[in-house]
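Visitor: what's the 3D shape of this:
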Amino acid sequence: MFAIQKAYSQGSLKPSQWGNNLIAGLVVGVVALPLAMAFAIASGVTPQAGIYTAIVAGILVSLFGGSQVQIAGPTGAFVVLLSSIVANHGIRGLQVATIMAGVMLIFMSFAKLGTVIRFIPTPVIMGFTAGIGVTIWIGQWPYFFGFPTLPYVEQFHQKLWGMIQSLPYSDIPTLGISLLSLFILLVFPKFSIGNKVPAPIVAMVVATMIQAYYQFPTVSTIGSAFGGIPQGLPSLTIPVFSLDEMLALIGPAFTIAMLGAIESLLSAVVADGMSGQKHESNTELLGQGLANIVTPLLGGIAATGAIARTATNIRQGGNSPVAGIVHGIVLIAILLFLAPYAIYIPLASMAAILFVVAYKMSDAPRFIKMIRLAPRQDQIILILTFFLTIFTDLVVAVNVGVILSVLLFMRRMVNTIDIHEVSCEELSAEVQHELHIHPDIMVYTVEGPLFFGAVTAFEKVLKSINQDPKVLIVRLNEVPFVDLTGLRVLSSIVEELKKRNIIVLISDANYEIRREMYKTDFLDVLGRHHMWRKFERALKKAERYIETESAHK
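Guide: Below is the predicted model of the structure:
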């Protein structure tokens with residue numbers, strides 16, 4: 001159910017509910033303005049692209065997303081990736097990659113992957129998020145300090161060293177505006193008025209008024225860098241799709257989709273905790289997918305759920321999609337009536353805003369705490385993902401982090417596999433009556449998933465059976481699932497035991513495991529009458545085998 005449908009069914013769209021949502025939408029729209037422009041500039045596109053993104057994505061996600069309070073728009077998580085795409089493929093390449101990412105998000109929604117994506121390991125998320133924060137912070141130094149034009153270098157360490165060498169050549173007026181903006185951003189929220197008036201808009205307005213009055217020639221502004229912001233709404237632009245270009249952009253597009261999914265679902269989870277509502281993960285991915293398909297056609301960039309703006313919406317009383325729609329309308333009004341004044345906005349104030357955003361993204365206290373207290377394996381993943389994000393790129397960092405997490409998880413799962421012989425006393429206690437098991441019958445229990453990672457453990461234990469019983473019963477009551485490799489290993493062990501004239505019976509397998517056994521040729525190897533749902537029936541079958549063999553002697 002879409003957010004707007006859910007709100008209607010719950011009565012959140014009644015006129016009596018509009019008051020708080022109108023106020024929340026107004027506040028969030030004002031908060032979104034400087035952030036949208038700052039993220040767009042940092043991503044290598046024009047500031048109006050950020051505003052268009054906040055408008056289109058904000059309205060579409062509010063209507064068709066899975067959370068009634070989610071506010072979507074450009075976010076810091078995309079900055080490093082989008083700037084790389086722009087540098088390598090241009091604006092049109094970014095447009096194509098974003099549309100492809102939108103299609104991927106819709107496929108993720110149809111495939112019901114919403115709940116799965118939320119389980120990406122915390123060290124991976126924290127690692128690449130902190131790495132993005134550091135990269136954004138360093139990337140804003142030229143605007144914050146007013147460096148002269150620096151030669152383009154691709155490697156992070158070369159870029160950092162070049163900017164450190166440029167620190168003595170900082171522009172004093174630019175640095176003054178930057179420090180004043182940063183001071184406002186840090187101090188203003190500490191006053192009571194800071195709860196009502198967003199600090200970023202105050203910092204931007206103060207810096208703009210100073211630049212408009214003094215007209216510092218060395219201070220870069222939106223007017224000097226971008227020629228200002230067009231007054232009016234964007235026009236529809238449909239890109240020309242090239243197969244070669246699309247193939248080259250699959251990797252970046254997939255990363256946009258994954259980041260968008262992770263960020264939006266994390267934001268939705270935070271919103272649930274703050275609002276007491278419950279979002280629908282797969283519907284949220286659908287809304288995000290629609291937004292990322294339409295937004296590039298109207299001059300925007302990649303968008304996702306914005307945690308800070310969503311939290312602001314809830315704190316201001318927003319509880320329905322009305323707030324997100326009003327937030328978009330407020331930005332439209334700003335474009336129509338205040339765009340000419342944007343030429344005086346200093347890029348230094350945008351850099352100061354991103355300094356604060358980067359620090360909050362990095363979540364330094366939690367990052368340090370995890371390094372100190374987390375298990376060693378999580379520490380390794382966190383640090384590796386962090387440095388790969390900074391020194392290589394986000395695609396490599398996320399892929400390596402997730403793959404390493406999966407491998408370490410499988411290692412832990414393998415260590416949970418326990419295959420052991422069960423004594424007569426243990427079985428008697430389990431069935432709650434005394435059992436007498438013939439000496440020629442041996443019972444083994446498998447505990448844990450029988451998957452490809454557990455092959456070695458399974459082979460080692462069952463092949464170590466040194467005394468040959470006449471019947472071996474393998475109990476699978478503690479096995480939650482089995483994969484094809486696990487079945488093949490079990491099949492080969494059954495064949496080997498049969499060569500040693502040992503009859504193998506399987507008992508207590510759950511429905512899923514029995515279904516997999518029926519689908520493969522495992523039962524042809526085991527024998528159609530050698531699998532039993534209950535252990536006691538398998539035991540009686542084994543006793544009959546013993547009796548039959550004794551009778552023939």
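Visitor: List the buried residues for stretch 482-495?
Guide: 482, 486-491, 493-494 (16 or more other Cβ atoms under 10 Å). Bear in mind the C-beta positions are built from the backbone N, C-alpha and C, glycine included.
Visitor: Select from those every entry located in helices.
Guide: Using DSSP state H to define helices, the subset of the buried residues of stretch 482-495 located there is 486-491, 493-494.
Visitor: Pull the contacting residues for Ala509.
Guide: 476-477, 479, 517, 531, 533 (Cβ atoms under 8 Å, 6 or more residues apart in numbering).
Visitor: From Pro375, how far off is it?
Guide: Taken as Cβ to Cβ, to the nearest Å, the spacing of Ala509 relative to Pro375 amounts to 33 Å.
Visitor: Just the CA coordinates for stretch 94-106, please, in PDB.
Guide: Extracted in PDB, the C-alpha atoms of stretch 94-106 (Å, rounded to 0.1, in the frame of the first residue of the first chain):
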ATOM      1  CA  LEU A  94      24.800  10.600 -14.600                       C
ATOM      2  CA  GLN A  95      21.300  11.000 -16.000                       C
ATOM      3  CA  VAL A  96      21.400   7.500 -17.600                       C
ATOM      4  CA  ALA A  97      22.900   5.900 -14.500                       C
ATOM      5  CA  THR A  98      20.300   7.300 -12.200                       C
ATOM      6  CA  ILE A  99      17.400   6.100 -14.400                       C
ATOM      7  CA  MET A 100      19.000   2.700 -14.600                       C
ATOM      8  CA  ALA A 101      19.300   2.700 -10.800                       C
ATOM      9  CA  GLY A 102      15.600   3.600 -10.500                       C
ATOM     10  CA  VAL A 103      14.700   0.600 -12.600                       C
ATOM     11  CA  MET A 104      16.900  -1.600 -10.400                       C
ATOM     12  CA  LEU A 105      15.200  -0.300  -7.300                       C
ATOM     13  CA  ILE A 106      11.800  -1.200  -8.800                       C
END
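Visitor: what mean pLDDT does it have?
Guide: pLDDT averaged over stretch 94-106 equals 97, rounded to a whole number.
Visitor: So which bits of that stretch are buried?
Guide: The neighbour-count criterion (16+ other Cβ under 10 Å) identifies 94-102, 104-106 as the buried residues of stretch 94-106.
Visitor: Is it possible to get those out as TSV so that each row also shows secondary structure and distance to Gly58?
Guide: Putting the buried residues of stretch 94-106 into TSV (DSSP: H, G, I helix; E, B strand; the rest coil; distance: Cβ to Cβ, whole Å) gives the following:
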residue	secondary structure	distance to Gly58
Leu94	helix	19
Gln95	helix	19
Val96	helix	23
Ala97	helix	21
Thr98	helix	16
Ile99	helix	18
Met100	helix	22
Ala101	helix	18
Gly102	helix	15
Met104	helix	21
Leu105	helix	16
Ile106	helix	19
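Visitor: So the residue nearest to Asn20 when sequence neighbours are not counted: helix, strand or coil?
Guide: Leaving out its chain neighbours, the residue that sits closest to Asn20 by Cβ to Cβ, 6 or more residues apart in numbering is Gly317, at 3.1 Å. Three-state call for Gly317 (DSSP: H, G, I helix; E, B strand; the rest coil): coil.
Visitor: Could you find the closest non-adjacent residue to Val494?
Guide: Taking Cβ to Cβ, 6+ apart, and ignoring the residues beside it in sequence, Val494 has Val504 as its nearest neighbour in space, at 4.9 Å.
Visitor: tell me which element the one you found falls in.
Guide: strand 503-507 (DSSP states H and E).
Visitor: What are the contacting residues of that strand?
Guide: Residues beyond strand 503-507 that count as contacts (Cβ under 8 Å, 6+ apart) turn out to be 470-477, 494, 497-498, 517, 526, 530-535, 537-538, 541-542, 545.
Visitor: Show me just the buried residues among these.
Guide: If you count burial by 16+ other Cβ under 10 Å, the buried members of the contacts of strand 503-507 come out as 470-476, 494, 497, 517, 526, 530-532, 535, 538, 541-542, 545.
Visitor: From those residues, which land in strands?
Guide: Among the buried ones among the contacts of strand 503-507, the members found in strands (DSSP state E) are 471-476, 531-532.
Visitor: just these now: which is nearest Gly127?
Guide: Within those, the smallest distance to Gly127 is 38.1 Å, found for Leu476 (Cβ to Cβ).
Visitor: follow-up on the earlier one: any idea what the residue nearest to Val494 is bridged to?
Guide: Leu472 (DSSP bridges).
Visitor: since we're on it, how many residues are nearby?
Guide: Residues near Val504, counting by other Cβ atoms under 10 Å, number 22.
Visitor: From Asp440, how far out is it?
Guide: Counting by Cβ to Cβ, the gap from Val504 to Asp440 is 14 Å.
Visitor: what's the nearest residue to Ile51 if we skip its chain neighbours?
Guide: In space, not counting the residues next to it along the chain, Ile51 is nearest to Ala36; the distance is 5.1 Å by Cβ to Cβ, 6+ apart.
Visitor: C-terminal to the helix or strand containing the one you found, what's the next element?
Guide: In this assignment (DSSP H and E), Ala36 forms part of helix 18-42. Towards the C-terminus, the helix or strand next in line after helix 18-42, according to DSSP H and E, is helix 47-64.
Visitor: So for the helix holding Ala36, what gets flagged as buried?
Guide: 18, 21-22, 24-42.
Visitor: just stretch 506-518 next, same as before
Guide: Within stretch 506-518, the residues scored as buried using 16+ other Cβ under 10 Å are 506-509, 513-514, 516-517.
Visitor: again with stretch 366-383
Guide: In stretch 366-383, counting by 16+ other Cβ under 10 Å, buried: 367, 370, 374, 377-378, 381-383.
Visitor: Pick out whichever of those residues sits closest to Pro449.
Guide: Gln377 (19.4 Å).
Visitor: Distance-wise, check that closest one relative to Arg92.
Guide: According to Cβ to Cβ, Gln377 and Arg92 sit 42 Å apart.
Visitor: repeat for Ala261
Guide: Relative to Arg92, Ala261 is positioned 24 Å away (Cβ to Cβ).
Visitor: Those two: which is more packed in?
Guide: Taking Ala261 and Arg92 together and counting by other Cβ under 10 Å, Ala261 has the greater number of neighbours (28 against 16).
Visitor: Flag every buried residue along whichever helix or strand the more buried one is part of.
Guide: Taking DSSP H and E as the definition, one finds Ala261 inside helix 250-275. Under the neighbour-count criterion of 16+ other Cβ under 10 Å, helix 250-275 has 252-271, 275 buried.
Visitor: related to what we said a few turns ago, out of the ones in helices among the buried residues of stretch 482-495, who's nearest Ala311?
Guide: Checking those against Ala311 with Cβ to Cβ, the nearest one is Gly486 at 45.2 Å.
Visitor: what's the residue lying closest to that closest one once chain neighbours are set aside sitting at in phi/psi?
Guide: Nearest residue to Gly486 in three dimensions, chain neighbours excluded: Leu450, at 3.8 Å (Cβ to Cβ, 6+ apart). Recorded main-chain torsions at Leu450 are phi -100, psi 80, according to degrees, to the nearest 10.
Visitor: these two touch, right, Leu450 and Leu484?
Guide: No - counting by Cβ atoms under 8 Å, Leu484 is not a contact partner of Leu450; they are 10.7 Å apart.
Visitor: Perfect, I'm done here.
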